[in-house]
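**Q** What would the 3D arrangement of this be:
(one chain, ligands or ions: 1)
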Amino acid sequence: MGQERRKCPFCEEVVLDNATVCHYCGRELSSTGGEGGGGGQRTTWQTVRTFLIIVVVAIALIALVFVIQRLLARPAPPPVMAILEGHLATV
Ligand SMILES: [Zn+2]
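**A** Sure, this is the predicted structure:
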């Protein structure tokens, strides 16, 4: 009966597949699969990354609003209004 072995994601040492704690570095090992590294830290990093993306999008939206407000606040009157006023005055 051969026991399955896998790599510890923290110290890269080969440990038994059913081990819950790494024999070499003493870290807790997840029982479901052993692919990829990070463990619980990955969830935190994903949350931080999602938060950063939201912040960047919010800053981009605020910048866009500022640019639109600057364009709309130009002192030059739109020529369409002058044409309409002239047309109304003749009628
Ligand atoms: Zn280890």
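
**Q** quick one: low-confidence parts of the protein?
**A** Confidence mapping of the chain against pLDDT under 70 gives the ranges 1, 31-42, 76-78, 91.

**Q** repeat that with 80
**A** 1-3, 30-43, 74-91 (pLDDT under 80).

**Q** Quick check: residues of it near the ion?
**A** For the chain, the residues in contact with the ion (Cβ under 5 Å from the ion) are 8, 10-11, 22, 24-25. No exception for glycine: its C-beta is placed from N, CA and C like everyone else's.

**Q** For those residues, work out which two are farthest apart.
**A** Farthest pair in the residues of the chain next to the ion (Cβ to Cβ) is F10 and Y24. Separation: 8.6 Å.

**Q** Show me which of those two is the more surrounded one.
**A** With neighbours defined as other Cβ atoms under 10 Å, F10 and Y24 compare such that F10 has more, 16 against 12.

**Q** Look up the closest residue to that one, ignoring the ones flanking it.
**A** In space, not counting the residues next to it along the chain, F10 is nearest to R27; the distance is 4.6 Å by Cβ to Cβ, 6 or more residues apart in numbering.

**Q** surely the one you found meets V21?
**A** Yes: with contact defined as Cβ atoms under 8 Å, R27 reaches V21; the gap is 7.1 Å.
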